[in-house]
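Colleague: Sequence first, predicted model second:
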Amino acid sequence: MKDGPQYNGKSLKGHFLLDGGKLQGSYFHRTVVLICQHDDEGAFGLVVNRASDNRVGDLIIADLPEALKDQKLFAGGPVQPAALSYLHTQNFVPDGGILPNLSIGHSLEELVDIGEAYSPDQQVKIFAGYSGWSPGQLEDEMKRQSWLTFPATTDLIFHTRPAEIWRSIMKQLGWEQQLFADSPDDLSWN
């Protein structure tokens, strides 16, 4: 089976991890996780394609503009479901921390500051919870080929419907992944 680019022992920061079919029944079934940190201390990521039923303003009590309050809140992962994280674009920060012009934050005060300077050109995606791996855990999962990898882009994060991100990337990885992407969520339906 042809897989997408696989782990080569280097940091996966700035890449997506995708369920390639081995995570059925787990929290990560058909997810796309943006790796925000990956080093000797472990890995930290956010599931970018799982919108919750809540709006940001339903759960975050802060002076945010309506445009941010009305956004869907995303479930970033199963770890600390109340932990706040957010991705935001900054057009004048070429080294954004994760990707060029893409930064991550965790502080409510900083989110309020971003909200005060918010413009239609800026993109913000807000998460509750995160995905985390202890030292060596993600490397072991990569050796077992539990994940496919794909270079992350701000276009996929902010301009692709969340429910379509996983399928869109899978279709770019080859015909076998395209067949898997087009199959029903539960293969017994087939």
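Modeller: Thanks, I have it.

Colleague: In contact with R30, which residues?
Modeller: Residues near R30 by C-beta atoms under 8 Å, 6 or more residues apart in numbering: D19, L23, N49, W166, D185. Where C-beta positions appear, they are placed from N, C-alpha and C, glycine not excepted.

Colleague: Columns neighbour count and secondary structure on top of these, output as TSV?
Modeller: Output for those, formatted as TSV (neighbours: other C-beta atoms under 10 Å; DSSP: H, G, I helix; E, B strand; the rest coil):
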residue	neighbour count	secondary structure
D19	20	strand
L23	17	coil
N49	25	coil
W166	21	helix
D185	8	coil
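
Colleague: Tell me the one among those nearest to E139.
Modeller: Using C-beta to C-beta, L23 comes nearest to E139 of the contacts of R30, at 16.8 Å.

Colleague: Please name the residues that touch that closest one.
Modeller: L23 neighbours (C-beta under 8 Å, 6+ apart): H29, R30, T31, S146.

Colleague: out of these, which are inside strands?
Modeller: Among the contacts of L23, no member is found in strands (DSSP state E).

Colleague: Between those, which sits nearest G57?
Modeller: Of the contacts of L23, the one sitting nearest to G57 (C-beta to C-beta) turns out to be T31, at 24.9 Å.

Colleague: Kindly state the beta-bridge partners for the closest residue in space to the closest one that isn't next to it in sequence.
Modeller: Spatial nearest neighbour of T31, chain neighbours left out: V47 (4.9 Å); criterion: C-beta to C-beta, 6 or more residues apart in numbering. For V47, the beta-bridge partners are V33 (DSSP bridges).

Colleague: I126 too?
Modeller: According to DSSP bridges, beta-bridge pairing links I126 with Y86.

Colleague: Check whether N54 really touches L73, as I assumed.
Modeller: Yes: counting by C-beta atoms under 8 Å, N54 touches L73, with 4.6 Å between them.

Colleague: which of these two has more neighbours?
Modeller: Per other C-beta atoms under 10 Å, whichever of N54 and L73 has more neighbours is L73, with 21 against 14.

Colleague: Could you spell out the sheet neighbours of the host helix or strand of that one, each with its direction?
Modeller: L73 is located in strand 72-75, with elements delineated by DSSP states H and E. Looking at strand 72-75 with DSSP bridges, its partner strands are strand 51-55 (antiparallel), strand 124-133 (parallel).

Colleague: Run the chain-centre distance for it.
Modeller: Averaging C-alpha positions (C-alpha atoms, centre = their mean, to the nearest Å) puts strand 72-75 11 Å from its chain's average.

Colleague: in it, what's buried?
Modeller: By 16 or more other C-beta atoms under 10 Å, the buried positions in strand 72-75 come out as L73, F74, A75.

Colleague: Endpoints of stretch 60-74, how far apart?
Modeller: 13 Å (C-alpha to C-alpha, to the nearest Å).
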